[in-house]
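Student: with the input below, show me the fold.
(one chain, ligands or ions: 2)
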Amino acid sequence: MRRILVTGGAGFIGSHFIRRLLREHPAYDIINIDKLTYAGNLDNLRDVEDYPRYQFVQGDICDRDLVDELMGQADAIVHFAAETHVDRSLLAADAFIQTDVAGTYTLLCAARDHRLQRFLHVSTDEVYGDVPQGHRSRESDPFQPRSPYAASKAGGDLMCGAFYQTYGLPLVIARPANNVGPHQHPEKMVPLFVTNALQDQPLPLYGDGLQERDWLYVEDDCQALDLLLHEGRPGEAYNIGADNHRHNVRVAEAILDLLGKPRDLIRHVEDRPGHDRRYALDWSKLRAMGWSPAHDFDQALARTVAWYRDNEWWWRRVRSGAYQDYYQQQYGWRLAQAARPARGEGQR
Ligand code: NAD
Ligand code: TYD
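Tutor: Numbers count the residues shown, from 1 in each chain. Ligands and ions are numbered 1, 2, ... in the order given. As a prediction, the model looks like this:
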């Protein structure tokens with residue numbers, strides 16, 4: 001295995017993964033196919049763009065001819081490309097179904113036809129849906145996706161399983177928890193809150209803020225994905241968790257504390273419809289392979305916050321233009337509503 005096709009490598013996790021592959025596997029050549037949607041950003045790979053072992057191709061994973069051509073040049077594929085943001089999937093899910101389901105199917109067909117040695121599919125813990133207190137999702141748990149994003153990812157994940165069963169495609173599925181780290185698009189909670197706090201703007205916390213996520217440092221995720229690429233058993237799925245569980249309100253407070261900003265920047269705003277309260281993974285299968293995360297919650301968050309503080313050029317560019325329209329649509333009315341005094345308040 002020497003030639004690796006990475007999809008969605010200009011996004012958050014994919015760009016860290018490409019950097020890791022170039023660093024840890026000096027014999028590998030990497031092709032990155034990315035459509036450069038609003039979430040794709042070549043600034044994420046500036047430091048490696050001139051490497052002779054790295055090639056970027058702007059293209060859509062739904063483009064059969066292009067995918068066929070690239071797959072013919074690859075031994076293995078790591079598939080990150082997806083529409084990934086839950087809130088955007090609530091506004092319109094067409095692109096999610098197209099890329100996360102149909103795009104994955106296009107890749108699977110080409111990988112089967114070209115007899116690739118390995119297909120690592122990056123799924124998500126969100127396919128399991130809302131996880132009751134006291135339970136941790138196991139790889140064998142049924143899927144109960146509750147957002148259009150999660151349902152699209154579940155569709156892609158199930159199609160991968162079908163291609164393993166039907167065609168014997170050597171396929172491994174990874175289901176990581178919420179990643180945190182540098183280069184994440186500021187539509188996601190942590191970078192949104194950090195960059196808002198840096199500008200002394202309110203942090204829009206959905207509902208009561210007691211939803212729980214497990215925060216996995218992106219470099220730890222990439223280390224686990226690297227392990228699965230090489231040692232994952234075909235036909236198996238693997239959860240990637242970190243046991244860094246926090247309520248959202250605690251994450252918001254920790255960000256403000258790290259930046260020395262007042263906690264009254266937190267605004268409880270109208271909740272996300274269908275908001276999953278809790279994700280929690282049982283990742284003992286991966287632990288048994290010798291992997292465990294190197295960063296605890298405090299380390300992961302401190303590194304992330306420091307990166308955004310030191311790389312204002314990166315996020316100012318991302319937050320300009322069309323981002324502002326999205327921000328207004330998503331948060332304008334929520335923040336205005338939160339600022340209005342409740343009925344009876346303010347009346348003497
Ligand atoms: P991201 O949104 O930052 O990046 C996605 C990338 O895919 C972008 O560069 C985008 O341009 C590209 N892309 C989108 N549609 C495409 C298409 N049709 N053809 C080619 N490229 C296309 O996402 P991310 O956070 O880096 O997530 C990567 C993967 O990991 C996704 O599959 C996501 O579902 C999964 N995942 C993410 C997290 C997380 O916390 N970020 C957690 C679990 C799983
Ligand atoms: P997000 O980063 O969108 O990831 P996901 O929904 O895939 O877990 O959101 C993480 C948590 O933060 C989730 O419980 C929703 C919450 N959240 C807010 O409270 N406010 C926000 O503005 C955003 C984007 C998310």
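Student: show me what secondary structure element comes after the longest helix anywhere in the chain.
Tutor: Secondary structure assigned by DSSP state H gives helix 148-167 as the longest helix of the chain. Remark: after helix 148-167, the chain's next helix or strand is strand 171-176, criterion DSSP states H and E.
Student: name every strand pairing with the helix or strand just after that next one and say which way it goes.
Tutor: Using DSSP H and E, the helix or strand that follows strand 171-176 in sequence is strand 178-180. Paired with strand 178-180 in the same sheet, following DSSP bridges, are strand 212-217 (parallel).
Student: touching ligand 2 at all, the partner strand?
Tutor: Yes: applying CB under 6 Å from any ligand atom, one finds that strand 212-217 is in contact with ligand 2 at Arg213. All C-beta spots, glycine's among them, are computed from the backbone N, C-alpha and C.
Student: how far out from the middle of the chain is that strand?
Tutor: In this view, strand 212-217 has its centroid 11 Å away from the chain centroid, taken as CA atoms, centre = their mean, to the nearest Å.
Student: ok, stretch 185-204 next?
Tutor: 17 Å.
Student: again, but for stretch 84-101
Tutor: That offset, for stretch 84-101, works out to 13 Å (CA atoms, centre = their mean).
Student: neighbouring contacts of it?
Tutor: For stretch 84-101, contacts defined as CB atoms under 8 Å, 6 or more residues apart in numbering pick out 11, 35, 37, 39, 60-62, 81-83, 126, 147-150, 152-153, 155-156, 159, 185, 187-188, 272-274, 326, 329-330.
Student: please apply the same query to stretch 42-54.
Tutor: 9-12, 15, 18-19, 22, 28-30, 32, 36, 56, 183, 314, 317.
Student: now do 6 Å
Tutor: With contacts defined as CB atoms under 6 Å, 6 or more residues apart in numbering, stretch 42-54 is touched by Ala10, Ser15, Arg19, Leu22, Asp29, Ile30, His183, Trp314.
Student: quick one: which of those residues sit in helices?
Tutor: Reading helices off these with DSSP H, I get Ser15, Arg19, Leu22, Trp314.
Student: neighbours of the third one, how many?
Tutor: For Leu22, the count of nearby residues is 18 (other CB atoms under 10 Å).
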